[in-house]
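Undergrad: Structure, please.
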Amino acid sequence: MTLPGTDGNGDGDGPSSESEAIESAQSTPVYVARSLFRAVQGGMFATVVMTAFRLPILRSLPPSANFWAKYVGDGHPEEYTGMGIVLHFLYGITFGALFGLLYPRVNLPGSATETEGVVWGTLFGLALSAFGERVMLNWLLDMELDADAETVFHASHAVYGIALGTWVGSRIDPTRSYEEYEHSQ
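TA: Numbering: from 1, shown residues only. The predicted model follows:
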């Protein structure tokens, strides 16, 4: 594969090393736009996976409706179920986009991007979980979770991170098609 800014044989006036060529390719507006689009998709996918994991266990919606009821609405959180779900997905998509823009910066050239995606995604999901519990639940909403709900809260964010990291990691190389991936195994 020839990357932008190189002539394919190292004799051009482009970057002198593969890592410089990758860094140069990752800074183009098209690459950033594609990364952002894949990350938004990943955020949506990961939020669906997280919700599918969490909902049947806790049998309750995410606390986004509580946020809406306290800071925007004037009713009880149950009155804002729809808005709570919309907020939940907006959070998931937004943080997915953030992860997708940051991930190429930590991705090491030539390594297994899906594996790195799982590792970085899990760490990202757990960081979001800690922020969510401490800032969103405890500080902004004045909510305390019981031990079981807290465990599921953190586990669901780990699931979010794993799904997001795997999604973004599997799509980090836009030049690689699914067929190429299948045959390289």
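
Undergrad: what comes up buried for the longest helix along the chain?
TA: Identified as the longest helix of the chain according to DSSP state H is helix 29-58. Buried residues in helix 29-58, counted by 16 or more other CB atoms under 10 Å: 35, 38-39, 41-47, 49-51, 53-54. For the C-beta atoms, the positions are set from N, CA and C on the backbone; glycine is no exception.

Undergrad: In those, which has the lowest confidence score?
TA: pLDDT across the buried residues of helix 29-58 is at its lowest for S35, which sits at 78.

Undergrad: what sits against it?
TA: Q26, G100, L101, Y103, P104, I172 (CB atoms under 8 Å, 6 or more residues apart in numbering).

Undergrad: Kindly report the same for Y71.
TA: Per CB under 8 Å, 6+ apart, neighbours of Y71: L140.

Undergrad: and what of S156?
TA: S156 is in contact with M50, F53, R54, S129, counting by CB under 8 Å, 6+ apart.

Undergrad: can you redo those as JSON lines with distance to P63?
TA: Formatted as JSON lines, the contacts of S156 follow (distance: CB to CB, whole Å):
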{"residue": "M50", "distance to P63": "13"}
{"residue": "F53", "distance to P63": "16"}
{"residue": "R54", "distance to P63": "11"}
{"residue": "S129", "distance to P63": "13"}
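
Undergrad: before we move on, the earlier item: buried only: go through the contacts of S35 for me.
TA: By 16+ other CB under 10 Å, the contacts of S35 give Q26, G100, Y103, P104, I172 as buried.

Undergrad: Reformat these as a markdown table; add distance to E133, secondary structure and pLDDT.
TA: Output for those, formatted as a markdown table (distance: CB to CB, whole Å; DSSP: H, G, I helix; E, B strand; the rest coil; pLDDT from 0 to 100):
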| residue | distance to E133 | secondary structure | pLDDT |
| --- | --- | --- | --- |
| Q26 | 33 | helix | 62 |
| G100 | 24 | helix | 86 |
| Y103 | 24 | helix | 85 |
| P104 | 28 | helix | 76 |
| I172 | 30 | coil | 73 |
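
Undergrad: Tabulate the residues you listed (CSV), appending distance to G125.
TA: Compiled in CSV, the buried ones among the contacts of S35 are given as follows (distance: CB to CB, whole Å):
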residue, distance to G125
Q26, 23
G100, 14
Y103, 13
P104, 18
I172, 18
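
Undergrad: does G117 really touch S170, like I thought?
TA: Yes - using CB atoms under 8 Å, G117 makes contact with S170 at a distance of 6.8 Å.

Undergrad: Please say which of those two ends up with more neighbours.
TA: Shown here are G117 and S170; by other CB atoms under 10 Å, G117 has more neighbours (27 against 16).

Undergrad: Which secondary structure element of this protein has the lowest mean pLDDT?
TA: Lowest by mean pLDDT, DSSP states H and E among the helices and strands of the chain is helix 178-183, with a mean of 51.

Undergrad: I figured L101 hits V32, correct?
TA: Yes - the pair L101 and V32 passes the contact test of CB under 8 Å, sitting 7.2 Å apart.
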